[in-house]
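S.K.: Sharing a model that was predicted from the sequence below.
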There are 2 protein chains.
Amino acid sequence: MSGHLSVVGLGPGDARWRTPEAEAALARAEVLYGYAGYLERVPTQLGQARHASDNREEAARAEASLRAAAAGRQVAIVTGGDPGVFAIANAVCEQIEAGPESFRQVEVTIIPGVSAMLAVAARVGAPLGGDFCAISLSDNLKPWELIEQRLAAAAGVGFVIALYNPISRKRPWQLGAALDALRRSLPADTPVVFGRAVGRSDESVAVKRLDAAEPTGADMATLVIVGSSHTRTIARPGRAPLVYTPRVVEKVSA
Amino acid sequence: MSGHLSVVGLGPGDARWRTPEAEAALARAEVLYGYAGYLERVPTQLGQARHASDNREEAARAEASLRAAAAGRQVAIVTGGDPGVFAIANAVCEQIEAGPESFRQVEVTIIPGVSAMLAVAARVGAPLGGDFCAISLSDNLKPWELIEQRLAAAAGVGFVIALYNPISRKRPWQLGAALDALRRSLPADTPVVFGRAVGRSDESVAVKRLDAAEPTGADMATLVIVGSSHTRTIARPGRAPLVYTPRVVEKVSA
């Protein structure tokens, strides 16, 4: 009997941003694995086993899902957003490379989803409209010096910057340090978007100028987008301002 | 009567990657605007007007959709992938900023979608797993020198690089020049993924080494992902190799 592992991106927030391919994979699975906060978003289904685990236990969760699939089960491992953007697909690949031969024989399908930066950008306009980059501010898996190098390089050549994992209880200072670093090379009025829990009932979105952007505006559920020197804000009477990056760039100002 | 404009990301390929929110906006629209190639993917609906236009007429299409919404119609303007990634949401924002006051009064909803780089990445594993950037190789709207600066900066600090708009009949040499530039700073065996028409019936995906990557592998429907020096390939007996970027980075090798 041949098992199968679906690595499913749920998208951000509720089911309105979840693809039909993701829904089909969830319905087909005999066993579900995931961080408890993501599994909660999946409707329970009779006869389907669910293994919830802590957010930090990615390697163990990926391994367990591969073991179940190698044993012949129909398995889904779920993640918010897209599985390939700072999420579980990488942990699954790492386990396949490091694990027993049977892991390489598992049929794996990775199901893309709407990543948080796309949802946050859509809420305010089109800030990612030019060239852009995505950087995780977690220094659990890479040195902080490298993160600072990447921030400086990105701002220097005019990338819009999406910041994933901006802050947590164990990493309280990194977002402040990143904003300080960006203030050294970007204009004071560069728009900074804080999108929290976008697509959920407790969603909040705020747009600040870089010189007034404070890390206190963010938590683990927040995605931050820092504009380039070309990113603009359009005031609209009676509506939230639009934030966007024009497509035409004459030259780099940095 | 108050009009409304939905800027709808269809995702790549067919409806399996289209969100329920996108489907709902399409069903509700009285008038649809879009590049003909994207409109073809939307089922026709009785009584719904459709205005197809050429891929290069983005500004005119965005303006027409805003005029219709300002006149009180329920309008959707569609794009492949995500509307905020090298797509129509920016043209809409540009027209709102440059256009008459009535454009600022239009209620605009931007509906995110699965962007091409996420779908291509999912097909091969998790190449975007580390920090990454997205660069359009079109030099219609920005100088080629800036594109080369961005490529060099991105490779230099270890970003994985997604290349949008890699090649067209009018821009035949840019992808070759970009690959040549990247060969100067990245290892010869860096994986390069060519994903063409992903999610469509004529989909094709190829993984090459950077030293063997040729621009002839790409056309307008192709999305190219160039790994970092950390991106790895896992051979699997009887299956396509997996390409992924590990989450742990010790230091930048460039």
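M.R.: Here it is on my side, so go on. Numbers count the residues shown, from 1 in each chain, chains lettered A, B, ... in the order given.
S.K.: what mean pLDDT does stretch A:219-231 have?
M.R.: What stretch A:219-231 shows for mean pLDDT is 96.
S.K.: For that stretch, list every residue counted as buried.
M.R.: Within stretch A:219-231, the residues that qualify as buried are A:221, A:222, A:223, A:224, A:225, A:226, A:227, A:228, A:229, A:230, A:231, counting by 16 or more other C-beta atoms under 10 Å in any protein chain shown. To be clear about C-beta, it is placed using only N, CA and C from the backbone, and glycine gets the same treatment.
S.K.: Same question for stretch A:8-22.
M.R.: Buried residues in stretch A:8-22, counting neighbours by 16+ other C-beta under 10 Å, are found at A:8, A:9, A:10, A:11, A:12, A:13, A:15, A:17, A:18, A:19, A:21, A:22.
S.K.: Contacts only, for residue A:144.
M.R.: A:174, A:177 (C-beta atoms under 8 Å, 6 or more residues apart in numbering or on different chains).
S.K.: Pass me the low-pLDDT residue ranges in chain A, would you?
M.R.: A:1, A:250-254 (pLDDT under 70).
S.K.: quick revisit: considering only the buried residues of stretch A:8-22, which also neighbour chain B?
M.R.: Taking C-beta under 8 Å from any C-beta of the partner chain as the test, chain B is in contact with A:9, A:11, A:15, A:17, A:18, A:19, A:21 out of the buried residues of stretch A:8-22.
S.K.: The third one is in contact with residue B:19, isn't it?
M.R.: Looking back up the chat, that one is residue A:15. No. Using C-beta atoms under 8 Å, residue A:15 is not in contact with residue B:19; the gap is 9.0 Å.
S.K.: still on that earlier bit, could you work out the most separated pair of the buried residues of stretch A:8-22?
M.R.: Greatest spatial distance in the buried residues of stretch A:8-22: A:13 and A:21, 17.7 Å, computed using C-beta to C-beta.
S.K.: who touches the spatially most central residue of chain A in this structure?
M.R.: Nearest to the mean C-alpha position of chain A, counting by C-alpha atoms, centre = their mean, stands residue A:116 at 4.9 Å. When contacts are counted by C-beta under 8 Å, 6+ apart, residue A:116 is found next to A:12, A:80, A:81, A:85, A:164, A:195, A:198, A:223.
S.K.: Mark which of the residues you listed are part of strands, please.
M.R.: Counting by DSSP state E, these place A:164, A:195, A:223 in strands.
S.K.: And the residue of the stretch 151-254 of chain A found nearest chain B, how close does it get to residue B:66?
M.R.: Relative to chain B, the nearest point of the stretch 151-254 of chain A is residue A:244 (3.6 Å; C-beta to the nearest C-beta). Distance of residue A:244 to residue B:66, given as C-beta to C-beta, to the nearest Å: 14 Å.
S.K.: Those two: which has the busier surroundings?
M.R.: Set side by side, residue A:244 and residue B:66 show unequal neighbour counts under other C-beta atoms under 10 Å in any protein chain shown, the larger going to residue A:244 at 30 against 25.
S.K.: Residue A:230 is in contact with that one, correct?
M.R.: No. Here residue A:244 lies out of contact with residue A:230, judged by C-beta under 8 Å, at a distance of 9.7 Å.
S.K.: what residues does the stretch 151-254 of chain A put near chain B?
M.R.: Close to chain B, as judged by C-beta under 8 Å from any C-beta, the stretch 151-254 of chain A has residues A:153-154, A:156-159, A:232, A:234-239, A:242, A:244-252.
S.K.: same thing but 10 Å
M.R.: By C-beta under 10 Å from any C-beta of the partner chain, the part of the stretch 151-254 of chain A that sits against chain B consists of A:151-162, A:164, A:198-199, A:230, A:232-239, A:241-252.
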